[in-house]
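*Asks:* I'd like to go over a predicted model; first the sequence, then the structure.
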Amino acid sequence: MAPGTIRKVRPSLAVLLLTTVVLGVVAAPRKNGVTSGTDPNLAPTGTLVASLRAEPRSFNRYIARDFSTTVVTLLVHDTLVRINRVTDRLEPELADRWDLLADGRTYRVHLREDVRFSDGTRLDADDVVFSFRAIADSSIDSVLADTLQVRGRPIVVTRETASTVIVEFPSPTAAGLRMLDGVPIYPRHRLEAAFKTGAFRTAWSLSTPLSDIVGLGPYVLARYEPGQRLTFETNRYYWRDATRHAPRPGLVLEIVPDQDSELLQLETGAIDFTQSELRPSDIAALKRSAGDRTAVVEAGVGLDGDLFWVNLTSTRARAPRTAWLQHREFRRAIAQSIDRRQFTDTVYLGAAQPADSIVSPGNRSWHVDASLPPFDPDAAQKLLGGLGAHDLRFTLVTQKGNTSLERGAAVIRESLARVGVHVDVVALEVGALIETIMRGDYDTAYFRLLTTDSDPSLNLDFWLSSGSAHVWNPQQRTPATPWEAEIDQLMDRVSTSADVAERRASFAAVQRIIARELPVMCFAFPRIAVGTSLRVAHAQPAAFRPPLLWNPGDVDVVGPGR
């Protein structure tokens, strides 16, 4: 999952989250993590300005999986391979080709020639080996570690020559090299010292001098103004730009947590696009101005919905006040109290599809109708009465300022009030919400996780009981329930079987177990609509988040500069 980028609860969750509008900056010497001596009201010709709803929690993707960190990573770094979010096909990136060896689980991966990091240092096999070694190291506790394992054993990457690496999977896996999508390759010459001294987890923090952050992507981070903006310059060594006929545009990410302000800036041309989809209420307004300043593109049903889950960790189960929350009958009563069609109309103004599974119908290869409990408030009241608990009341934490989450939480509260359950909704700023969930100090949560791939075998940290994004009870030593153990077994087949029909049948069974046990629920999946200024060119909107910057190397600018 993921991200987004959540796939992980520990150490961070991937999140979708009016400042003064700045149209760009001119580069200047960097000091203490920000560029100094810069006039923030100047912009180079061709600068694109986009919004970001929260600042990143780190500049080190290996230890943070929040959405903003993921966006920065997409801009500054690159991967061996990537999954095209429009075609869903695996494509070469830093690797230009690969060979599957005779054992069916080992690949010889060939690196592109003369690829350089943003400081001019040439990429070689040692950087790739170092990156995977750092992720696998237990002392680093990387958020990527359990996504690079098969049956609990890590992928092993070794150097063959300066331009080839051997990628050995512990056993055959259905996903193959798709597992390497989203794994940025880091510079050994910049980070190996921190790795050897045990300082890797604090390397590339928000206070790191930006000149220390070196990558292989289309941009370098030139200026970071906390709570305001991130300014990126083009990476003059970016390997794709050798064939460009015009300079790459600069990019500024304005941190705009308020969605009304974000819409106003898009309408007036102060920003060119956003990192998240439009709210349904914004689509009509932007369509009215389409052809003047903006364009609206619909990308289809998104793969991620807002999720409700109950904290099922053992510490909550032992607490008398919350013990009744652990019952499956209680979770079923919640599901039967929510009219998913009305939820779709109220929260998303109809611009969504009611959920019939925890998996989006937008994921056509893997979604099945899992037979969720139907809307039946009378049956819900009977189930609640059978719990023998009095004063049924719990707290729901959600993200402040996110319209769909706040509206959805309100619908949940009102729906449960009709069957005699009182819900106290606590809306928190995203940082405080993440910390609350990480501590496990909550009854229920309503939040969004990011799917990193349509193939469920690449979201094992969500599905497996041992996964750190197994949000209702993360990182269990052993499965806490028989049904979680059954999901573990089914997901092993999904991950390792070479039989496509067996994989799909196994994952259909997983969806039906989730629909029966209901540890996590989704009520609707929004349709993704993307708004851009008419200055944006060559973008390929996708039903993933971020909808445009999943492919930052191709996003370009036309028309006059700012």
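*Replies:* Looks like it arrived, so ask away. Numbers count the residues shown, from 1 in each chain.
*Asks:* and the helix or strand harbouring M491, what other elements does it pack with?
*Replies:* M491 belongs to helix 482-496 when assigned by DSSP states H and E. On a contact count with 3 or more CB pairs under 8 Å, 6 or more residues apart in numbering; DSSP states H and E, helix 482-496 meets helix 460-463, helix 500-517. For every residue, glycine as well, the C-beta is placed using N, CA and C.
*Asks:* for the longest one, enumerate the helices and strands it packs against.
*Replies:* For helix 500-517, the helices and strands in contact under the criterion 3+ CB pairs under 8 Å, 6+ apart are helix 482-496.
*Asks:* what does the shortest one give?
*Replies:* Secondary-structure packing of helix 460-463 (3+ CB pairs under 8 Å, 6+ apart): helix 482-496.
*Asks:* residues of the helix it packs on that come out buried?
*Replies:* For helix 482-496, the neighbour count (16 or more other CB atoms under 10 Å) marks 483-484, 487-488, 490-496 as buried.
*Asks:* now swap in stretch 170-184 and tell me
*Replies:* Neighbour counts over stretch 170-184 (16+ other CB under 10 Å) mark 173-184 as buried.
*Asks:* now, among those residues, which is nearest to R279?
*Replies:* Using CB to CB, G182 is the member of the buried residues of stretch 170-184 that sits closest to R279, with 26.7 Å.
*Asks:* just checking, the closest one touches T451?
*Replies:* No: using CB atoms under 8 Å, G182 makes no contact with T451, being 11.3 Å away.
*Asks:* report the contact partners of F525.
*Replies:* Contacts for F525 (CB atoms under 8 Å, 6 or more residues apart in numbering) come out as 301-305, 352-353, 355, 360-362.
*Asks:* what's the answer for F169, then?
*Replies:* 105-106, 150, 155, 176.
*Asks:* confidence-wise, which of these comes last?
*Replies:* The lowest pLDDT within these belongs to V150, with 87.
*Asks:* got the contact list for the helix or strand where A445 lies?
*Replies:* Using DSSP H and E, A445 falls within strand 444-448. If you take CB under 8 Å, 6+ apart as the criterion, strand 444-448 is touched by 6, 13, 15-16, 304-311, 325, 394-399, 402, 405, 408-409, 412, 433, 437, 471.
*Asks:* partners of it, with directions?
*Replies:* If you go by DSSP bridges, strand 444-448 pairs up with strand 306-310 (antiparallel), strand 393-399 (parallel).
*Asks:* put the alpha carbons of that strand into PDB.
*Replies:* C-alpha atoms of strand 444-448 as PDB (Å, rounded to 0.1, in the frame of the first residue of the first chain):
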ATOM      1  CA  THR A 444     -11.300   4.200  15.500                       C
ATOM      2  CA  ALA A 445      -9.800   6.100  12.600                       C
ATOM      3  CA  TYR A 446     -11.100   7.500   9.300                       C
ATOM      4  CA  PHE A 447      -8.100   8.100   7.000                       C
ATOM      5  CA  ARG A 448      -6.700   7.400   3.600                       C
END
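*Asks:* measure how far it is from the centre of its chain, please.
*Replies:* In terms of CA atoms, centre = their mean, to the nearest Å, the centre of strand 444-448 is set 15 Å apart from its chain centre.
*Asks:* stretch 424-431 too?
*Replies:* Centroid separation for stretch 424-431 versus its chain: 20 Å, with CA atoms, centre = their mean.
*Asks:* residues of that stretch that come out buried?
*Replies:* 426-428, 430.
*Asks:* of all those, which comes closest to E277?
*Replies:* Out of the buried residues of stretch 424-431, the member with the shortest distance to E277 (by CB to CB) is V430, at 17.0 Å.
*Asks:* the closest one touches Q399, doesn't it?
*Replies:* Yes: using CB under 8 Å, V430 and Q399 qualify as a contacting pair, with a distance of 5.4 Å.
*Asks:* what residue spans form the domains of this protein?
*Replies:* Using automatic domain parsing, the domain parsing of the chain gives 77-196, 306-525.
*Asks:* other residues contacting the helix or strand hosting A380?
*Replies:* In this structure, A380 sits in helix 377-385 according to DSSP H and E. With contact meaning CB under 8 Å, 6+ apart, helix 377-385 is reached by 329-330, 332-334, 336-337, 392, 418-421.
*Asks:* as TSV, the strands paired with strand 444-448 with mean pLDDT would be great.
*Replies:* Compiled in TSV, those are given as follows (pLDDT from 0 to 100):
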stretch	mean pLDDT
strand 306-310	96
strand 393-399	95
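*Asks:* right, so the ones you listed: which one is the most enclosed?
*Replies:* Among the strands paired with strand 444-448, strand 306-310 has the highest mean neighbour count (mean count of other CB atoms under 10 Å), at a mean of 23.
*Asks:* quick one: distance of it to the chain centre.
*Replies:* 16 Å.
*Asks:* and the contacts of it?
*Replies:* 325-326, 330-331, 334, 358, 396, 404-405, 408, 412, 443-449, 471-472, 519-524.
*Asks:* redo that, cut-off 6 Å
*Replies:* 325, 404-405, 408, 444-446, 448, 471-472, 520-522 (CB atoms under 6 Å, 6 or more residues apart in numbering).
*Asks:* tell me the first helix or strand C-terminal of that strand.
*Replies:* Toward the C-terminus from strand 306-310 - assigned by DSSP H and E - lies helix 314-317.
*Asks:* flag every buried residue along that next one.
*Replies:* Neighbour-count burial for helix 314-317, counted by 16+ other CB under 10 Å, picks out R316.
*Asks:* the chain should start at 29 in everything you say after this.
*Replies:* In the new count, where the first residue is 29, that last one comes out as helix 342-345.
*Asks:* report the mean confidence score over it.
*Replies:* The average pLDDT for helix 342-345 rounds to 71.
*Asks:* and the contacts of that helix?
*Replies:* With CB under 6 Å, 6+ apart as the test, helix 342-345 has contacts from 350, 354.
*Asks:* show me how far that helix is from its chain's centre.
*Replies:* Computed by CA atoms, centre = their mean, the separation of helix 342-345 from the middle of its chain amounts to 28 Å.
*Asks:* give me the below-cutoff pLDDT ranges for the stretch 479-590 of the chain.
*Replies:* Residue ranges of the stretch 479-590 of the chain with pLDDT under 70: 587-590.
*Asks:* list the buried residues in the longest strand along the chain.
*Replies:* Selection of the longest strand in the chain by residue count, based on DSSP state E, yields strand 552-561. In terms of neighbour count (16+ other CB under 10 Å), strand 552-561 has its buried residues at 552-561.
*Asks:* can you map out the helices along the stretch 279-428 of the chain?
*Replies:* For the stretch 279-428 of the chain, helices defined by DSSP state H, counting those that start in this stretch occupy the ranges 287-296, 308-317, 342-345, 356-365, 368-376, 405-413.
*Asks:* mind checking how far the first one is from the chain centre?
*Replies:* Helix 287-296 has its C-alpha centroid displaced from the chain centroid by 23 Å (CA atoms, centre = their mean).
*Asks:* and what about L249, helix, strand or coil?
*Replies:* strand (DSSP: H, G, I helix; E, B strand; the rest coil).
*Asks:* please report phi then psi for the residue in the chain sticking out farthest from the centre.
*Replies:* Computed with CA atoms, centre = their mean, the residue of the chain farthest from its C-alpha average is G416, at 39.7 Å. Dihedral angles of G416 (phi, psi; degrees, to the nearest 10) stand at phi 70, psi 20.
*Asks:* before I go, just wanted to say thanks for your time.
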